[in-house]
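1. Whatever this is, show me its structure:
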Amino acid sequence: MQCHKQLQSDCQKAIWPTDPAQYSVLRINSETDRVEEDCPLPKCIHCGSIARPNVLMFGDFDFIANRQNEQLDNYYHWLREIPKTDSGLVVVEIGAGTAIPTVRRECEDIVSRFGGAKFIRINPDDFSIPSRLKNHSVSIPLDGLNALIGINELMQSL
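-> Model prediction:
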């Protein structure tokens, strides 16, 4: 289960922020694969019904895209501001697999488009780097947390 900082409900087609800590201790019944009845589920701030994370799923016709569209606009604006060469850009990709390669493709495309960009791929299973990117990339075959801890320790020793 993932915890997202935005919730949505159908009553008003609205999204709002929430405190993920409030729902971080959900107990799952191993026989039913459902949340235990006494666990607090996120509620709609408008009508009180159960809310859902505002996360796009396959075939999801209820996803509210307003915030995602704003984030994409900001991302594309930021990319336009980066110099095409010698940008000092470092792309760090953590845990993007090959089953749904959207994030991998985006990271590889960005590194290819910006001359001098560096690429760090962190993934315990799918850590290979395309040959066209090998000269300015590093692959770390660890899970994200352990890789970041190791990188932090290395940086602290410099």
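2. so who does Gly144 touch?
-> Ile94, Gly95, Ile122 (Cβ atoms under 8 Å, 6 or more residues apart in numbering). Backbone N, C-alpha and C define where each C-beta goes, glycine included.
3. Leaving out chain neighbours, which residue sits closest to it?
-> Leaving aside its chain neighbours, Gly144 sits nearest to Ile94 (4.2 Å; criterion: Cβ to Cβ, 6 or more residues apart in numbering).
4. What of Gln12?
-> His46 (5.0 Å).
5. where does the protein dip in pLDDT?
-> 1-10, 22-24 (pLDDT under 70).
6. Now do the same contact list for the nearest residue to Pro124 once chain neighbours are set aside.
-> The shortest distance from Pro124 to any non-neighbouring residue, by Cβ to Cβ, 6+ apart, is to Asp143 (5.1 Å). The contact partners of Asp143, taken as Cβ under 8 Å, 6+ apart, are Gly95, Ile122, Pro124.
7. Next up, identify which helix or strand the last one is on.
-> Right, Pro124. Assigned by DSSP states H and E, Pro124 belongs to no helix or strand.
8. surely it meets Leu145?
-> No - counting by Cβ atoms under 8 Å, Pro124 does not reach Leu145; the two are 10.8 Å apart.
9. How is the residue nearest to Gln12 assigned, secondary-structure-wise?
-> Secondary structure, DSSP: H, G, I helix; E, B strand; the rest coil: His46 is coil.
10. May I have stretch 63-80 exported as CSV, CA atoms only?
-> C-alpha atoms of stretch 63-80 as CSV (Å, rounded to 0.1, in the frame of the first residue of the first chain):
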residue,chain,number,x,y,z
PHE,A,63,-8.7,10.5,-11.7
ILE,A,64,-8.6,14.3,-11.3
ALA,A,65,-5.8,15.6,-13.5
ASN,A,66,-5.7,19.3,-12.6
ARG,A,67,-2.7,19.1,-10.2
GLN,A,68,-0.9,16.6,-12.5
ASN,A,69,-1.3,19.0,-15.4
GLU,A,70,0.1,21.9,-13.4
GLN,A,71,3.0,19.7,-12.3
LEU,A,72,3.7,18.7,-15.9
ASP,A,73,3.6,22.4,-17.0
ASN,A,74,6.1,23.3,-14.2
TYR,A,75,8.4,20.3,-15.2
TYR,A,76,8.4,21.3,-18.9
HIS,A,77,9.1,24.9,-18.0
TRP,A,78,12.0,23.8,-15.8
LEU,A,79,13.4,21.7,-18.6
ARG,A,80,13.3,24.6,-21.0
